[in-house]
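A.B. asks: could you look at this predicted model? Sequence included:
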Amino acid sequence: MVPFSEEKLAKVQEIIARYPEGKQKSALLPVLHLAQEVHGWLSAETMDYVASLLQIEPIEVYEVATFYSMYNLKPVGKYMFEVCQTGPCMINGSDDIVDYIKQRLGIGVGETTPDGLFTLKTVECLGACGYAPMMQLGKHYKEHLTREKVDQIIEECRKQAGQLN
Amino acid sequence: MGVKLLLEKAHVEGIRSYEVYRREGGYRAVEKALKTMSPDAVTEEVKKSGLRGRGGAGFPSGMKWSFLAKPEGVPRHLVCNADESEPGTFKDRYLMEFLPHLLIEGLIVSSFALGSNATYIYIRGEYAWIPDILEQAIAEAKANGWLGKNILGSGFDCEIYVQRGAGAYICGEETALIESLEGKRGNPRIKPPFPAVKGVWDRPTVVNNVETLAAVVPIINMGGEEYAKIGVGRSTGTKLISACGNINKPGVYEIDMTISVEEFIYSDEYCGGIKNGKRLKACIPGGSSVPILPANLLLKTAKGETRYMNYESLSDGGFATGSMMGSGGFIVLDEDQCVVKNTYTLARFYRHESCGQCSPCREGTGWMEKILKNIDMGKGKMSDIDLLWDIQRKIEGNTICPLGDAAAWPVAAAIRHFRDEFEWHVKNPQECLTRNYGLAHYADPLVIPA
């Protein structure tokens, strides 16, 4: 585990300053987001580090990290496809999108490709019902998905990963 | 065209920026409130307006504000609920993405009314790009003197902070949201005490939905009485409806609550009719928690009267033959959709989102999901339908927060109105895997359950 950069530590202080004195635990969700940005997931070691930053007990971090669906408790691929499958997306064909991604990437739901590039996850309603079917990819939503659009997204991710290496 | 109060300027180019928003008349409500009104006078206008909470419960907002305890020397807080997670609902996202300054303006006026010097916007974690938009708007507002110390020389100080959640539907429930804002699991609190007395950090707190707080801007600009003239009866003002499902024009629409459901679905100004020329089968008119209605009961009430898009008309007939306005998440199902499968995905959603505190909800949602999945897959028994009915009844009203009710109602309504479709799944285990029950339901004359 790599500790936070100076910049990130300053950000933590800025967040803590939003709350009344002694209520720095309120910064827990935002700080866990910061930690996940660095590591891609939250190891026990990372959570202990966050606990020390906020001067709270490690258990207070574990119970929160395990409650919220956005925190990854094990390593995930560089690109995580989080496909919504709740009612409004289902009636607009999200099952087909999930099946197609499985077939294209050769993985099941909850699995990561052997090259560590892609993880497929199904999620519950993300508030994009009018633009269904959809998925979350990192910070943004990919909406009005079709098989062609999925192909495009996979290509873009591969290209971007290639450039980064 | 109906009256537009919130989205009137949504299509003005550059409205997301401070300059354009201000040029278009933005921040007039802050000027009016802080320069010419007392905090109590602002609350009084909101009371007069008849504004009801736009998050789903429909509780009168002015009354909620008047419950706020004001003990000497104890800070109070306004918290904006931007946790929008009810399936079918995506209206707050639209407001925040395209009209961030409208929300900020509403927050400043409301904070002034309530005496909140530190106001928080709690936004669902998945809307990960929106905090940047809001923080930009907050910075612009501050740079122009609308936030910070002694705003407009009124002596009122206010800061607004954005807090991201991390994926939990339950945090839309106000006490779960407060727990989450304190850095804890989103477990709803037992009430009383209510947040108005003991909220975030045990301080008096008001939690309001994004749309509710945005509506404070036109209320202050035009006056509560004028606002109350729009709409009908106790459904005053305008309401944002997020329409989705099998319609030609999904999206966010502002309605003045006097139009009929039929017009909303078929008019080109709104949903534009059912996609691919199909027929309307059913609709969940107010977000996934509210009862699903078959087409005949959706367009007309059980008494045969036209049903309108407002709080009273949508709930006409109670749960036996009516539904609810809820959050305004309008989900339309065409003739090819399977009610059993749709109900199964919703039951799965609620099982996933139950916080696990109360056993009826924690266990019951899991049971309902499993049984519905079995029926959907052609593995159900006739007795499962009665079992489902029994389980939902035992969840409803037996939990700390309304998530239990929200999980029970869609299952109850699906069985109430589409029992024959469930029975068909049980009787035709092979066939139900390859085709849907379709519209056969409507061939029957309307039967009103006793």
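C.D. replies: Nice, I can see it.
A.B. asks: contacts only, for the closest residue to B:N398 other than its chain neighbours.
C.D. replies: With sequence-adjacent residues excluded and distances taken as Cβ to Cβ, 6 or more residues apart in numbering or on different chains, B:N398 is closest to B:P360, at 4.4 Å. In short, each C-beta sits where N, CA and C put it, glycine included. Neighbour list for B:P360: B:K394, B:I395, B:N398, B:T399, B:G404 [criterion: Cβ atoms under 8 Å, 6 or more residues apart in numbering or on different chains].
A.B. asks: check which helix or strand B:Y344 maps to.
C.D. replies: B:Y344 is part of helix B:339-353, with elements assigned from DSSP states H and E.
A.B. asks: do that helix and chain A meet?
C.D. replies: Yes: counting by Cβ under 8 Å from any Cβ of the partner chain, contacts between helix B:339-353 and chain A involve B:K341, B:N342, B:T345, B:L346, B:R348, B:F349, B:H352, B:E353.
A.B. asks: about what we covered before: so which strand or helix has the residue nearest to B:N398?
C.D. replies: helix B:359-376.
A.B. asks: give me the below-cutoff pLDDT ranges for chain B.
C.D. replies: For chain B, the stretches with pLDDT under 70 are B:1, B:438-450.
A.B. asks: could you pick out the longest helix of it?
C.D. replies: With DSSP state H setting the assignment, residue counts place helix B:403-427 as the longest helix in chain B.
A.B. asks: so which bits of that helix are buried?
C.D. replies: By 16 or more other Cβ atoms under 10 Å in any protein chain shown, the buried positions in helix B:403-427 come out as B:403-418, B:421-422, B:424-426.
A.B. asks: nearest residue to B:L280 in space, please, no chain neighbours.
C.D. replies: Nearest one to B:L280, counting by Cβ to Cβ, 6+ apart, is B:A295 at 4.5 Å.
A.B. asks: please name the residues that touch the one you found.
C.D. replies: Contacts here follow Cβ under 8 Å, 6+ apart; on that basis B:A295 touches B:R279, B:L280, B:K281, B:A282, B:C283, B:Y442.
A.B. asks: show me the contacts for the spatially most central residue of chain A.
C.D. replies: The centre of chain A sits closest to A:M70, judged by Cα atoms, centre = their mean, with a distance of 5.3 Å. A:M70 sits next to A:H33, A:Q36, B:G125, B:E126, B:A166, B:G167 when contact means Cβ under 8 Å, 6+ apart.
A.B. asks: would you turn those residues into CSV with distance to B:V216?
C.D. replies: CSV is the format used below for the contacts of A:M70 (distance: Cβ to Cβ, whole Å):
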residue, distance to B:V216
A:H33, 30
A:Q36, 35
B:G125, 26
B:E126, 26
B:A166, 28
B:G167, 29
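A.B. asks: compare these and tell me which is most surrounded.
C.D. replies: B:E126 (26 neighbours; other Cβ atoms under 10 Å in any protein chain shown).
A.B. asks: so which residues of the stretch 1-150 of chain B form helices?
C.D. replies: Using DSSP state H, counting those that start in this stretch, the helices of the stretch 1-150 of chain B run over B:18-23, B:28-36, B:39-49, B:61-66, B:91-98, B:100-114, B:130-143.
A.B. asks: oh, I was asking about the stretch 151-300 of chain B
C.D. replies: B:174-181, B:210-222, B:224-229, B:261-266, B:295-299.
A.B. asks: helices and strands around the third one, which ones?
C.D. replies: The criterion is 3 or more Cβ pairs under 8 Å, 6 or more residues apart in numbering or on different chains; DSSP states H and E, and the helices and strands that helix B:224-229 contacts are helix B:39-49, strand B:235-236.
A.B. asks: and among the ones you listed, the most buried is which?
C.D. replies: Highest mean neighbour count among the helices and strands packed on helix B:224-229 (mean count of other Cβ atoms under 10 Å in any protein chain shown): strand B:235-236, with a mean of 24.
A.B. asks: now the buried members of the contacts of B:P360.
C.D. replies: B:I395, B:T399, B:G404.
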